[in-house]
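In: Generate coordinates for the sequence data below:
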Amino acid sequence: MCGNAHAQNAATTDSSTGSIQNVNGNNTYVGLWSGSIGMHDWNGSAVSRIGPGWVWTCNNCTGPQAGTVTGASLNSIGNPADWAVINLNVPGESGATYVFYPPPTTPVSAITADQQAAIDSARARVNYITRNSIYIDQVGSNNTVIVQQNGTQNSVAGLGQQSMPIQGSGNTVKIRQGDPSNPYGQNLIEAEVYGSYNTLGLNQGTTLGNQTNGQDNGQHYQAISVTGTGNQVNSEQTNTGGGGHYLSTTVNGDYNTVNTSQTDNTAKASFVNVQGDLNTVSTSQSGLGQHYLSVNLLGTGNSATVNQSGSTANNASISITNAGGPGSVNLTQTGGQNYYINTVCVTAGGCQPITVRQGN
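Out: Residues are numbered from 1 along each chain as shown. The predicted structure is shown next:
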C-alpha cells in the first residue's frame with residue numbers, strides 16, 4: 001500500500017450523487033429525469049447542487065468516461081422541477097449511467113484549533129514567569145544535566161507538572177535560555193525524559209554553539225517529551241528583537257534523531273511528533289515570516305527534512321506513516337508558500353522520496 005503526497009493541486013471529493021441514468025441527451029449535455037434517481041426529493045437531492053466544477057464519471061460510456069461539469073440547470077416541467085440539463089462539454093450518451101462528485105477540494109496546511117490553543121496556553125505561562133526557576137527530578141545514575149539561564153525570567157519545569165522528570169541512566173540534558181548579551185524577556189522549557197542514552201540540547205536565546213546575536217528578547221517556549229532509548233533531540237530558537245517561537249517535540253521509540261531551529265523575528269510555530277524506530281527529522285524555519293510547520297512520523301525508516309525561510313509566511317504539514325517501506329520527504333520553501341504532504345508506505349519499494357522546491 002502506498003499513499004500520495006498532496007500539494008495545492010491535490011484533490012479530494014465529498015459524497016457523490018450516486019449512479020444516475022441519462023434518459024435523454026446528446027451534443028454536450030445529459031438530460032436527467034427525477035424518476036431516474038428513484039424516490040428522492042428532486043430539489044433536495046444532490047442533483048440540485050450540481051454546478052460548474054463538479055466532476056463526473058461514466059463507467060459504461062463508449063466515449064470519454066470522466067470530466068468536469070461546465071454548467072447545469074433545473075427545468076420546471078410540472079411542480080416541482082423534475083428535469084435537469086448537465087453540461088459535460090463532451091457528447092452525452094443516452095442510457096449511460098453517470099456519477100457526479102462535488103468540486104475537488106485542496107488539502108491546505110494550516111494550524112489547527114488544538115494547536116492554536118496549545119500556543120495560546122504556552123504564551124500565557126511564559127508571560128506569567130516573574131523570576132528564574134528550575135524544577136528537575138532525577139532518578140537513576142550517570143545522568144548529566146547542565147542548566148544555564150541568562151536573565152531573570154526563565155523557567156524549567158515538567159509537562160503538566162512542576163518538575164521535569166529525568167529517569168533512567170546515561171541521559172544528557174543541556175538547557176540554555178536567555179541571550180547573555182541581552183538578558184531580557186521570558187523563556188520556558190517544559191520537558192520529560194525517560195529511558196537511556198537520550199541526548200537533548202534545547203537552548204532558546206543562544207545557538208547550540210553558544211553563539212548569540214545580542215538582540216534576542218525571549219518569549220520562547222519548548223515542550224519536549226522523549227520516551228525510549230537512543231533518542232537525540234537538539235533544538236534552537238532565538239530571535240533578533242521580537243517574536244517568541246513555539247516548539248513542541250514528542251519522540252517515542254528508539255534511535256530517533258530530531259534537529260530543529262527557528263531564529264529571526266515574527267513568532268514561528270513548529271510541531272514535531274515522532275513514533276517508531278530509525279526516524280530522522282531535521283527542521284529549520286528562519287526568515288522574518290510567521291512560519292508554521294507540522295511534522296508527524298509513524299513507523300520505521302522514515303525521514304523528513306524541512307527548510308522554509310523567507311520574509312513571508314510559509315505553511316507546511318507533513319505526515320508519514322511508514323511501517324517498513326521506504327519513505328522520505330525533503331521540503332524547501334522560500335516565501336508565501338503552502339504545502340501539504342501525506343504519504344503512507346507499508347511495503348518495500350513503496351512510496352518514493354518526495355522532494356519539493358518552491359520559491360518567491
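In: Whichever strand or helix holds residue 320 - contacts with which helices or strands?
Out: With secondary structure defined by DSSP states H and E, residue 320 is part of strand 315-332. With contacts defined as 3 or more C-beta pairs under 8 Å, 6 or more residues apart in numbering; DSSP states H and E, the secondary structure elements packing on strand 315-332 are strand 292-307, strand 338-344, strand 354-357. (C-beta placed from N, C-alpha, C; glycine too.)
In: Output that strand as CSV, nothing but the C-alphas.
Out: Taking C-alpha atoms only, strand 315-332 is exported to CSV below (Å, rounded to 0.1, in the frame of the first residue of the first chain):
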residue,chain,number,x,y,z
ASN,A,315,3.0,26.8,5.9
ALA,A,316,3.8,23.1,5.7
SER,A,317,2.1,20.0,7.0
ILE,A,318,3.9,16.6,6.7
SER,A,319,2.6,13.3,7.8
ILE,A,320,4.4,10.0,7.0
THR,A,321,3.1,6.6,8.1
ASN,A,322,5.9,4.2,7.0
ALA,A,323,5.8,0.7,8.7
GLY,A,324,8.7,-0.9,7.0
GLY,A,325,8.7,0.6,3.4
PRO,A,326,10.9,3.4,2.2
GLY,A,327,9.7,6.9,2.7
SER,A,328,11.4,10.3,2.7
VAL,A,329,10.3,13.9,2.4
ASN,A,330,12.6,16.9,1.6
LEU,A,331,10.7,20.2,1.5
THR,A,332,12.2,23.6,0.8
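In: what's the angle from it to strand 338-344?
Out: Here strand 315-332 runs at 80 degrees with respect to strand 338-344, directions being taken by axes from the mean of the first three to the mean of the last three C-alpha atoms, to 10 degrees.
In: What strands line up against strand 315-332, and which way round?
Out: strand 292-307 (parallel), strand 338-344 (parallel), strand 354-357 (parallel) (DSSP bridges).
In: what's the distance between the last one and the middle of its chain?
Out: Offset of strand 354-357 from its chain centre (C-alpha atoms, centre = their mean, to the nearest Å): 16 Å.
In: now do stretch 143-158
Out: Averaged over its C-alpha atoms, stretch 143-158 has a centre that lies 30 Å from its chain's centre (C-alpha atoms, centre = their mean).
In: Buried by neighbour count: which residues of that stretch qualify?
Out: By neighbour count, and taking 16 or more other C-beta atoms under 10 Å as the criterion, the buried residues in stretch 143-158 are 143, 145, 147, 149, 150, 151, 153, 154, 155, 156, 157, 158.
In: how near is the most centrally placed residue in the chain to residue 339?
Out: The central residue of the chain, meaning the one whose C-alpha is nearest the mean C-alpha position (C-alpha atoms, centre = their mean), is residue 317 at 2.5 Å. Per C-beta to C-beta, to the nearest Å, residue 317 is found 8 Å from residue 339.
In: Pull up the overlap in contacts between those two.
Out: residue 109 (C-beta atoms under 8 Å, 6 or more residues apart in numbering).
In: Name the next helix or strand downstream of the helix or strand of the chain with the lowest mean pLDDT, please.
Out: Considering only helices and strands, the least confidently modelled element of the chain by mean pLDDT, DSSP states H and E is strand 29-33, at a mean of 49. Toward the C-terminus, strand 29-33 is succeeded by strand 55-57 as the next helix or strand (DSSP H and E).
In: Pull the residues that contact the helix or strand following that next one.
Out: Towards the C-terminus, the helix or strand next in line after strand 55-57, according to DSSP H and E, is strand 66-68. Strand 66-68 has contacts (C-beta under 8 Å, 6+ apart) with 53, 54, 55, 56, 57, 58, 88, 89, 90.
In: Which of those residues sits closest to residue 231?
Out: residue 55 (45.2 Å; C-beta to C-beta).
In: Quick check: the closest one touching residue 65?
Out: No: with contact defined as C-beta atoms under 8 Å, residue 55 and residue 65 do not form a contacting pair (11.7 Å).
In: So which of those two has more stuff around it?
Out: residue 55 (17 against 14; other C-beta atoms under 10 Å).
In: Tell me, what's the model's pLDDT at that one?
Out: According to the per-residue confidence, residue 55 scores 77 in pLDDT.
In: So what sits opposite it in the bridge?
Out: Beta bridges link residue 55 to residue 68, residue 101, judged by DSSP bridges.
In: In contact with it, which residues?
Out: Residues in contact with residue 55, defined by C-beta under 8 Å, 6+ apart, are 13, 66, 67, 68, 69, 100, 101, 102, 103, 104.
In: contacts for whichever strand or helix holds residue 145?
Out: Element membership for residue 145 (DSSP H and E) is strand 144-148. By C-beta under 8 Å, 6+ apart, the residues outside strand 144-148 that reach it are 134, 136, 138, 156, 166, 171, 172, 173, 174, 175, 176, 177.
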